[in-house]
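Participant: no sequence for this one, just the structure:
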């Protein structure tokens with residue numbers, strides 16, 4: 001049997017051929033595809049098959065073989081219940097980390113964590129019982145993070161891994177350029193976390209001309225969990241949280257928050273699980289990624305590009 005570093009069986013088997021073939025395809029052609037562990041068990045069968053076929057990857061197995069893998073994933077979650085009452089244990093972090101927490105609170109981007117929240121604190125949260133709305137994880141990225149993750153005994157290293165300060169974050173390479181003929185600015189990176197962060201208006205300090213534009217950057221680096229109607233949802237840091245879970249960690253240091261507005265949990269983004277599933281009696285958990293509910297689905301490798309274009313238009317009166 002071929003297994004990955006976490007003990008998941010990705011070898012060919014009659015029980016789940018989709019698992020074997022997807023992982024094997026990524027190893028065969030690593031420059032084009034990578035596996036994304038996807039909670040297909042929570043999809044309808046037709047929706048799951050459409051998701052697999054919509055990734056732009058040449059057929060690596062037949063639709064019938066994928067259906068068998070999907071049925072097995074769906075069977076893994078078919079009898080789930082009682083999760084509406086499942087809450088993780090939350091433990092306090094010691095005073096020895098207060099200097100770090102004070103430094104984090106002073107960082108300008110930290111305020112993005114607190115917008116609309118009723119409360120914000122730092123604590124250790126039980127990994128097995130954290131609810132999730134994100135449907136998939138990049139297996140390669142998880143494996144790379146697991147290699148860097150500290151041991152369970154290294155609490156200081158664990159806090160740094162999950163709650164890094166600005167000077168602990170390695171810069172991400174970005175290729176930027178400007179086309180003066182089309183007044184278009186572009187920034188390209190392989191980090192899929194690149195996003196448009198906001199807008200601004202101002203005045204050029206030299207010419208005093210009006211300015212308007214967009215700010216761009218990467219997501220917040222600190223792991224956060226937000227409580228909504230009794231559900232503790234993983235808001236930020238899915239890959240690191242899963243890497244810790246697979247390395248045997250039981251608790252994870254993170255920002256713990258509370259809100260009455262679901263949109264502020266981050267779960268309203270298109271492509272995530274719908275709210276009626278996330279806050280249901282069969283709500284997905286982070287630990288479901290370790291079960292047969294999750295299937296490695298090959299996806300084309302991607303880059304992310306931010307594009308900003310300025311254009312003048314003559315508008316009729």
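Facilitator: That came in fine, so what should we check first? If you're wondering where the values come from, they're calculated on a predicted model, not measured in any experiment.
Participant: What residues are bridge-paired with residue 299?
Facilitator: residue 34 (DSSP bridges).
Participant: ok, it - contacts?
Facilitator: By Cβ atoms under 8 Å, 6 or more residues apart in numbering, the residues touching residue 299 are 33, 34, 35, 36, 55, 56, 57. Backbone N, C-alpha and C define where each C-beta goes, glycine included.
Participant: any weak-confidence spans in the stretch 101-250 of the chain?
Facilitator: The stretch 101-250 of the chain contains residues with pLDDT under 70 at 192, 218-219.
Participant: need the strands for it, in chain order.
Facilitator: Counting by DSSP state E, counting those that start in this stretch, the stretch 101-250 of the chain has strands at residues 119-126, 136-138, 175-179, 184-189, 194-203, 210-218, 224-228, 231-236.
Participant: right, so of those, which gets closest to residue 266?
Facilitator: When those are compared by Cβ to Cβ, strand 231-236 sits nearest residue 266, at 4.7 Å.
Participant: between the closest one and strand 119-126, how many degrees?
Facilitator: 100 degrees (axes from the mean of the first three to the mean of the last three Cα atoms, to 10 degrees).
Participant: Now do strand 231-236 and strand 224-228, the angle between them.
Facilitator: If you take the same axes, to 10 degrees, strand 231-236 sits at 150 degrees to strand 224-228.
Participant: closest to residue 100 out of the strands of the stretch 101-250 of the chain?
Facilitator: strand 119-126 (8.7 Å).
Participant: same for that closest one, what does it pack against?
Facilitator: Helices and strands touching strand 119-126, by 3 or more Cβ pairs under 8 Å, 6 or more residues apart in numbering; DSSP states H and E, are strand 90-92, strand 251-258.
Participant: Can you list the strands that the longest one pairs with?
Facilitator: Counting by DSSP bridges, the strands paired with strand 251-258 are strand 119-126 (antiparallel), strand 224-228 (parallel).
Participant: can you pull the buried residues of it?
Facilitator: 251, 252, 253, 254, 255, 256, 257 (16 or more other Cβ atoms under 10 Å).
Participant: quick one: the helices in the protein?
Facilitator: Using DSSP state H, the helices of the chain run over residues 17-28, 45-53, 63-77, 98-106, 111-114, 139-148, 155-162, 238-246, 275-278.
Participant: quick one: which of those is nearest residue 312?
Facilitator: Of the helices of the chain, nearest to residue 312 by Cβ to Cβ is helix 111-114, at 32.9 Å.
Participant: just checking, what packs against the closest one?
Facilitator: Using 3+ Cβ pairs under 8 Å, 6+ apart, helix 111-114 sits against strand 251-258.
Participant: just to revisit the earlier point, I'd like to know which of the helices of the chain lies nearest to residue 210.
Facilitator: Across the helices of the chain (criterion: Cβ to Cβ), the nearest stretch is helix 111-114, sitting at 26.1 Å.
Participant: among the helices of the chain, which is the most enclosed?
Facilitator: helix 238-246 (a mean of 23; mean count of other Cβ atoms under 10 Å).
Participant: Check the offset of that one from the chain's centre.
Facilitator: 10 Å (Cα atoms, centre = their mean, to the nearest Å).
Participant: again with stretch 129-144
Facilitator: Using Cα atoms, centre = their mean, the offset of stretch 129-144 from its chain centre is 6 Å.
Participant: Between its first and last residues, how far does that stretch reach?
Facilitator: Terminal residues of stretch 129-144 lie 24 Å apart, using Cα to Cα, to the nearest Å.
Participant: could you dump the helices of the chain to CSV with distance to residue 308?
Facilitator: Formatted as CSV, the helices of the chain follow (distance: least, Cβ to Cβ, whole Å):
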stretch, distance to residue 308
helix 17-28, 34
helix 45-53, 31
helix 63-77, 40
helix 98-106, 30
helix 111-114, 21
helix 139-148, 27
helix 155-162, 33
helix 238-246, 28
helix 275-278, 32
